[in-house]
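Colleague: Structure of the sequence below:
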Amino acid sequence: MINFGHETVNTCDGPSRREFLQIGSAGFLGMGLAGLLSSQGAMADKYIDNEMSIILVFLWGGAPHQDTFDMKPNAPAEVRGQFSPIKTNVPGIQICEHLPMLATMADKYTIIRSATHDQTIHAQGAHYTLTGNKLGPGREGPNMGAVISKFLPQRNALPSAIQIGPRMYDTAGNGPIGQDGGFLGNASSPFRVLNALEPVDKLASLSAPAGLTADRLNLRKALYHKVDTFQKYIESGDTRIHDAAYEKAFSLVTSPEAKKAFNLEKETKATRERYGMTQFGQGCLMARRLIEAKVRFVQVNWRAHPINDDVDKMGFDNHGDNFTRCKRQLPELDRSVSALIDDVYQRGLNKKTLILVTGEFGRTTVNGSAGRDHWPFVYSYLITGAGIPGGRVIGSSDEAAKYPSTLPVSPEDTYMSVAKILNMDVSGQLREARILRDSPGIPDLFS
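Modeller: Prediction:
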């Protein structure tokens, strides 16, 4: 199913025209889309679209950098762990033996081995990674997709930002902060596809309510416009941005092309199996389809919970039995992410698509339970596409894989590079909105 954000605004003057139309749109279409879409036109002033999009693959739980992309084969056992490195197709670059498919395409991606921050808790680490800012008192930052929805114009009937996969949480009722609209308001929250394995006809919010035919839907649209016209006469203030939002909501419900983008049955059996018939694998495939359909931002979530004994829910928070768990996790990660990268390059989408594969932090040396604990002070991630040269490593960690030894890369640096690649107004709108801090970006990213 798909879940849509919402916002509620109360004033002493009674319902505003905005609230009035939100109520109306929910009634006429059977869904509260207009409020969510309204923000996408509110601040997207003159903007030259460079057609760039981003896929963010978020490895919830914190994958161990020492057991994936920053192997330490000559370090003590508590550092190097149980796995061995293997050669990639780029001389001098090695990654984990349980990532053989990714090893064959290292010429396409860059490994950042000096990512770093100081947030040791899952929720705060996720917030920093997904928003580019540390969590402040009473101030939750907006998800990167929410910022894109707010400040960049929508390209077509599809939303500008979509999240695929379960809503992440840590403790009961405590999800990682930074998944939604934050201080921009939930009207900017990305659309959410909870399960990419469900057939498109189960994605209820892509369809009108049961029994509502096309003729009845058009009648409701006509009635909406009559009520809208009346409301304009009785309220002052420039709130006409909501008109365009309603049109976008109507277009999404009625657009065959929009529905087609979500329909994985349009893919061959071989392609679907190449990605892996898991929620995560099919989420990566759906992300590629949505990018082809001109969606600006797609986030694919690895799992719902950081740690779980169920393989289908198993995040990377491997405090115990890390190596047994990684033997189950890494092959799925390898299959799905390698398929995504390969597919994007094979289809010629790589020049206009940035792929970022990261978690919220890395892991410690091996503990007494054969696990690895939280460690944000250095970790690794992959970045590819958008004209970024592949076959490289940026930065390094020290011999114990505890701290950066060269070229530290903060979440602010990563966020700045992504914003610039998307041609966002980093010195104006984003700075004024206190979304983006001064940062040089990822060093040598395009060298």
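
Colleague: give me phi/psi at the residue nearest to Thr358 when sequence neighbours are not counted?
Modeller: Nearest residue to Thr358 in three dimensions, chain neighbours excluded: Tyr381, at 3.6 Å (Cβ to Cβ, 6 or more residues apart in numbering). The C-beta positions use only the backbone N, C-alpha and C, and glycine is treated the same way. Per-residue torsions, Tyr381: phi -150, psi 170 (degrees, to the nearest 10).

Colleague: Pull up the gap between Tyr381 and Gly387, please.
Modeller: 18 Å (Cβ to Cβ, to the nearest Å).

Colleague: more neighbours, those two?
Modeller: Shown here are Tyr381 and Gly387; by other Cβ atoms under 10 Å, Tyr381 has more neighbours (24 against 12).

Colleague: ok, that one touching Phe361?
Modeller: No - using Cβ atoms under 8 Å, Tyr381 is not in contact with Phe361, being 10.5 Å away.

Colleague: Where does the prediction get shaky in the stretch 251-400 of the chain?
Modeller: Along the stretch 251-400 of the chain, segments meeting pLDDT under 70 span 251-254.

Colleague: What segments of it are strands?
Modeller: Using DSSP state E, counting those that start in this stretch, the strands assigned to the stretch 251-400 of the chain run over residues 297-301, 353-358, 362-366, 372-375, 379-385, 392-394, 396-397.

Colleague: Between these, which one is closest to Asp70.
Modeller: Closest approach to Asp70 among those is made by strand 379-385 (4.7 Å; Cβ to Cβ).

Colleague: helices or strands up against that closest one?
Modeller: strand 109-115, helix 322-346, strand 353-358, strand 362-366 (3 or more Cβ pairs under 8 Å, 6 or more residues apart in numbering; DSSP states H and E).

Colleague: who touches that strand?
Modeller: Identification of contacts with strand 379-385 by Cβ atoms under 8 Å, 6 or more residues apart in numbering yields 62, 65, 68-70, 108-113, 115-116, 337, 341, 344, 349-359, 361-363, 390, 397, 414, 442, 445.

Colleague: And that strand, how far out from the chain middle?
Modeller: Relative to its chain's centre, strand 379-385 lies at 14 Å (Cα atoms, centre = their mean, to the nearest Å).

Colleague: what lines up beside that strand in the sheet?
Modeller: Strand pairing for strand 379-385, using DSSP bridges, gives strand 109-115 (antiparallel), strand 353-358 (antiparallel).

Colleague: and the angle for that strand with strand 362-366?
Modeller: 140 degrees (axes from the mean of the first three to the mean of the last three Cα atoms, to 10 degrees).

Colleague: any idea how far Thr88 is from the residue nearest to Thr358?
Modeller: 16 Å.

Colleague: Export the helices and strands packed on strand 379-385 as TSV, with columns for mean neighbour count and distance to Ala103.
Modeller: Listed next are the helices and strands packed on strand 379-385 as TSV, based on neighbours: other Cβ atoms under 10 Å; distance: least, Cβ to Cβ, whole Å:
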stretch	mean neighbour count	distance to Ala103
strand 109-115	26	11
helix 322-346	20	9
strand 353-358	24	15
strand 362-366	24	20
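
Colleague: Would you mind giving these as a markdown table with distance to Lys150 added?
Modeller: Formatted as a markdown table, the helices and strands packed on strand 379-385 follow (distance: least, Cβ to Cβ, whole Å):
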| stretch | distance to Lys150 |
| --- | --- |
| strand 109-115 | 26 |
| helix 322-346 | 26 |
| strand 353-358 | 19 |
| strand 362-366 | 31 |
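
Colleague: out of these, nearest to Glu97?
Modeller: helix 322-346 (9.0 Å).
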